[in-house]
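**Q** here is my input; please provide its structure:
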Amino acid sequence: MKSLMNNVKKFLEANCEFLRDQNEPNRIFTKGYKIEGIYLLISKGIPLFRTEGVGDITLFTIKGDRVEYLLPAILPEKIQAKIRRRMLEILRGSFTDDLKRLMKEKYEKLHYKKIGDNGSWNCYIAPPLSEGGTDIGMCGFCPACTILGSMITDNELEDAKTSYGLKSRVHHDIAFATTAYEKAVSEMTHNKVGDGVSYTGMALFEEQHVLPGVCFIGKVVLNDVTMMEAKLVLSSLTTITRMGAGETKFGSVQTILLGLKAGKYETISSYDVVRKVLDQSKGELIPPEDVLTHVLRYIKEKGFTPLLEDSNINIGDADLTVEMSNDEIKTLWDKDNYFYAEQVVKYIERTKKAGGKEGSRERKAKEGEEE
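**A** The predicted structure follows:
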């Protein structure tokens, strides 16, 4: 269904006043430009949206119209991590020889360190080190790092003598289920098959799975992004097809972007939307198409631009995605992201000249030696 992608393009073009220009000076400082997006995440397998450990699921009590509902939920950090992984997949899949030359010609001259001798690039999420270090796989300069945030130290940038944090420009609400816990979740017993053998022995354990057809309502906010950055984030979100623990076996999902709204402040939350749906669903497991219809009608009342019509919707349509061409991703690297990464470097240089954190430490050390 290409109309979704076309409708996103039309929305961004019509609201370009709330997008940042590619080469705008001081883009690293916020102007408060926001694009809110409401989306639906539909369980199509038996995903595990757990937080604390085996056998649990994240739950919240929401009060509807005189009724309390115990709802499963997906926490924002889970959604953000999945968007980052999906974004990195998109960037790696479009990394051509032209981009390798770009790394050598432009990014390497900014003194970013995680660039290979032939212009190769990779950025990844690594497990924390035993000593407590984190983010050891992140490069600090790619679109995933500049949009979703990262730490820049002397491991990533030659001129960084202390740690600088790039704050994420993508924010999230908790994604609440529209079905009450007792109708949305089932406890299942699993056999733990040993590696290299075909038998399970007596290794049994239980997990709480979300049932197929359960819908979660989420909200994403894009802050101070360019046209290409917005497309990359929305492409990463709408092409998520698996999520949760054990996603290779259980986590089949579909993510559908329903509406967008541009402005200088946030106007709605996923909490507001789910309460409206609960007034209609009463916490029952209703068809995803009905949830879509309720959400679309409500967010339209709140000034959002619906990206789908609330009639003749087929959730099995595989084309409900936002996609970027290789040329668009090349432009993103060459223009939007390069200017942002360059401004980060210039900011770090200014703080050093002005006697930033590292300058203060150096002065104190020098004063101590003189004494």
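
**Q** only C-alpha atoms from now on, for both contacts and neighbour counts.
**A** Will do.

**Q** keeping just the C-alphas, turn whichever helix or strand residue 12 is part of into CSV.
**A** Taking DSSP states H and E as the criterion, residue 12 maps to helix 3-14. C-alpha atoms of helix 3-14 as CSV (Å, rounded to 0.1, in the frame of the first residue of the first chain):
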residue,chain,number,x,y,z
SER,A,3,-0.3,5.5,-0.2
LEU,A,4,1.2,5.4,3.3
MET,A,5,4.6,6.3,2.1
ASN,A,6,3.2,8.9,-0.2
ASN,A,7,1.1,10.4,2.6
VAL,A,8,4.2,10.6,4.8
LYS,A,9,6.1,12.4,2.1
LYS,A,10,3.2,14.8,1.5
PHE,A,11,3.0,15.5,5.3
LEU,A,12,6.7,16.3,5.6
GLU,A,13,6.7,18.5,2.6
ALA,A,14,3.6,20.4,3.9
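
**Q** and it, average pLDDT?
**A** Mean pLDDT, helix 3-14: 92.

**Q** which residue sits closest to residue 91, ignoring its sequence neighbours?
**A** Excluding its sequence neighbours, the residue lying closest to residue 91 (Cα to Cα, 6 or more residues apart in numbering) is residue 329, at 7.5 Å.

**Q** hmm, back to that, show me what the helix holding residue 12 is packed against.
**A** If contacts are counted by 3 or more Cα pairs under 8 Å, 6 or more residues apart in numbering; DSSP states H and E, helix 3-14 sits against no helix or strand.

**Q** contact partners of it?
**A** 227, 260, 305, 307, 308, 320, 321, 322, 323 (Cα atoms under 8 Å, 6 or more residues apart in numbering).

**Q** of all pairs in those, which one is the farthest apart?
**A** The widest separation within the contacts of helix 3-14, taken as Cα to Cα, falls between 227 and 308 and amounts to 20.7 Å.

**Q** any low-confidence regions in this protein?
**A** 1-2, 51-55, 127-136, 192-205, 311-312, 317-318, 355-371 (pLDDT under 70).

**Q** show me where the stretch 251-371 of the chain has strands.
**A** Applying DSSP state E, counting those that start in this stretch to the stretch 251-371 of the chain gives strands spanning 253-263, 305-306.

**Q** list the residues that contact the closest residue to residue 142 other than its chain neighbours.
**A** The shortest distance from residue 142 to any non-neighbouring residue, by Cα to Cα, 6+ apart, is to residue 337 (7.1 Å). Contacts for residue 337 (Cα under 8 Å, 6+ apart) come out as 141, 142, 143, 146.

**Q** so the first one touches residue 343, yeah?
**A** When you say that, I think you mean residue 141. No: counting by Cα atoms under 8 Å, residue 141 stays clear of residue 343, with 10.9 Å between them.

**Q** noted, bye for now.
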